[in-house]
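Asks: just a sequence and a predicted model for now, questions to come.
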Amino acid sequence: MKLATIRTDGTTRAVRLDGEVLVDLGLPDVGTLLKQDGWAESAASATGTELAAADADFAPVVPAPSKVVCVGLNYRSHIEELGRELPEHPTLFAKFADCLIGAYDAVVRPEETEQLDWEVELAVVVGTQVRRARGAEAEAAIAGFCVLNDITCRDWQFRTREWLQGKTWDSSTPVGPCLVTPDELPGGVRPALDVRLSVDGEVMQSASTGDLLFDPVDLVEYVSTIVRLNPGDIIATGTPGGVGHARRPERYLSGGETVVAEIQGVGRLENRVVKENTS
């Protein structure tokens, strides 16, 4: 099953994607849906108003998660290109909901950065409240997956040892277009999927989620040990090699580029980079 949040008539609606048709689920967004008991059954059986998928304006799949937890250094290829040792534990940082944008929205390049970079990521969407989840409970807590592009201001990220200040700029992080439930994917809650990102048609990142050090279930277990995970919360699982900052010479987004981030069976983000208008 594929679920999304779309913008329509000045508001948002949760929908189910059936081929080229969107079925209105009668709720304002996917985050609201996931807070309901039996959300999967009700979403699968809904028979609301139908809309054309081709005309949809996709909002962030969960517009206002209680938390977005991100994982750094989680692909062997990315760690190796940075010349670092494999970590024993996940490297975590956070984003705020204000940074999230839709799958086809413009990425705003802040005037304060000269080093805007890309990071395609598989994102986990949590479907039930859990704390200290283990094994089957952690697996069951995964509602599904979507695509996330962790757009990063590298010059701000590396001002200090803490990364948050480079990672959560306003209106910078595309996420979506749909939540895809694990039963739709090879490997289920531990999918092995092709991941790719291109800038103006040039492939910059290409890998498989099978290269993850800590898989989605590992991350639900680890994060839920620290903090309660709520329905709609997002865990971004990390990015593979090929980021602009690690290239020689370095490559950054200056404005005007089209960035496409896609994951096999999950979806595609396509975002134009625009310079921020502060006048």
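Replies: Done, it's in. Numbers count the residues shown, from 1 in each chain.
Asks: the stretch 151-279 of the chain: strands as residue ranges?
Replies: Counting by DSSP state E, counting those that start in this stretch, the stretch 151-279 of the chain has strands at residues 152-153, 173-180, 194-199, 202-208, 234-236, 258-263, 267-275.
Asks: repeat for the stretch 1-150 of the chain
Replies: Using DSSP E, counting those that start in this stretch, strands in the stretch 1-150 of the chain cover 2-8, 11-18, 21-24, 50-52, 57-58, 68-72, 91-95, 100-101, 107-109, 116-117, 120-126, 142-149.
Asks: would you turn these into CSV with distance to Glu162?
Replies: Any C-beta I mention is one placed from the backbone N, CA and C, and that applies to glycine too. Listed next are those as CSV, based on distance: least, CB to CB, whole Å:
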stretch, distance to Glu162
strand 2-8, 31
strand 11-18, 33
strand 21-24, 40
strand 50-52, 43
strand 57-58, 32
strand 68-72, 11
strand 91-95, 8
strand 100-101, 21
strand 107-109, 22
strand 116-117, 17
strand 120-126, 19
strand 142-149, 20
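Asks: mean pLDDT lowest for which of those strands?
Replies: Across those, strand 50-52 has the smallest mean pLDDT, namely a mean of 91.
Asks: and that one, what's buried?
Replies: Neighbour counts over strand 50-52 (16 or more other CB atoms under 10 Å) mark Leu51 as buried.
Asks: again, but for stretch 147-159
Replies: Applying 16+ other CB under 10 Å to stretch 147-159 flags 147-157 as buried.
Asks: out of the residues you listed, which is nearest to Gly187?
Replies: Val147 (16.4 Å; CB to CB).
Asks: contacting residues around the closest one?
Replies: Residues near Val147 by CB atoms under 8 Å, 6 or more residues apart in numbering: 103, 120-123, 174-177, 261-263, 266-269.
Asks: same deal with Leu92?
Replies: 69-72, 223, 226.
Asks: narrow these to those that are buried.
Replies: 69-72, 223.
Asks: what separation is there between Ala261 and Ala123?
Replies: 11 Å (CB to CB, to the nearest Å).
Asks: give the residues shared as contacts by those two.
Replies: Common contacts of Ala261 and Ala123, defined by CB under 8 Å, 6+ apart, comprise 147-148.
Asks: just the buried residues of stretch 85-100, please?
Replies: Neighbour-count burial for stretch 85-100 [16+ other CB under 10 Å]: 90, 92-93, 95, 97, 99-100.
Asks: contacts for stretch 151-165 next, please.
Replies: 72, 93-95, 107, 110, 112-119, 166-167, 169, 172-174, 244-245, 252-253.
Asks: only whichever of those residues are buried, select them in PyMOL.
Replies: Burial among the contacts of stretch 151-165 is assessed by 16+ other CB under 10 Å; the matching PyMOL selection reads:
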select buried, resi 72+93+95+107+113+115+116+117+118+119+166+167+169+172+173+174+244+245+252+253
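Asks: quick check: Glu250 touching Gly244?
Replies: Yes. Between Glu250 and Gly244 there is a contact under CB atoms under 8 Å: 6.0 Å.
Asks: shared neighbours of the two, anything?
Replies: Gln115.
Asks: where in the stretch 101-250 of the chain is pLDDT low?
Replies: Along the stretch 101-250 of the chain, no part satisfies pLDDT under 70.
Asks: out of the contacts of Val147, which is nearest to Leu185?
Replies: Distances from Leu185 to the contacts of Val147, taken by CB to CB, are shortest for Val266, at 7.3 Å.
Asks: that closest one against Val124, yeah?
Replies: No. When contacts are counted by CB under 8 Å, Val266 is not listed as touching Val124 (11.1 Å).
Asks: just give me the neighbour total for Ser42.
Replies: 14 (other CB atoms under 10 Å).
Asks: again but with Asp200, I slipped
Replies: Neighbour number of Asp200 under other CB under 10 Å is 11.
Asks: contacting residues around the nearest residue to it once chain neighbours are set aside?
Replies: Leaving aside its sequence neighbours, Asp200 sits nearest to Glu257 (CB to CB, 6 or more residues apart in numbering; 5.4 Å). Contact analysis of Glu257 by CB under 8 Å, 6+ apart lists 199-200, 272-273.
Asks: can you tell me which of those residues are buried?
Replies: Buried among the contacts of Glu257 (16+ other CB under 10 Å): 199, 273.
Asks: and which of the contacts of Glu257 is nearest Ala54?
Replies: Within the contacts of Glu257, proximity to Ala54 (CB to CB) peaks at Arg272, which comes in at 18.8 Å.
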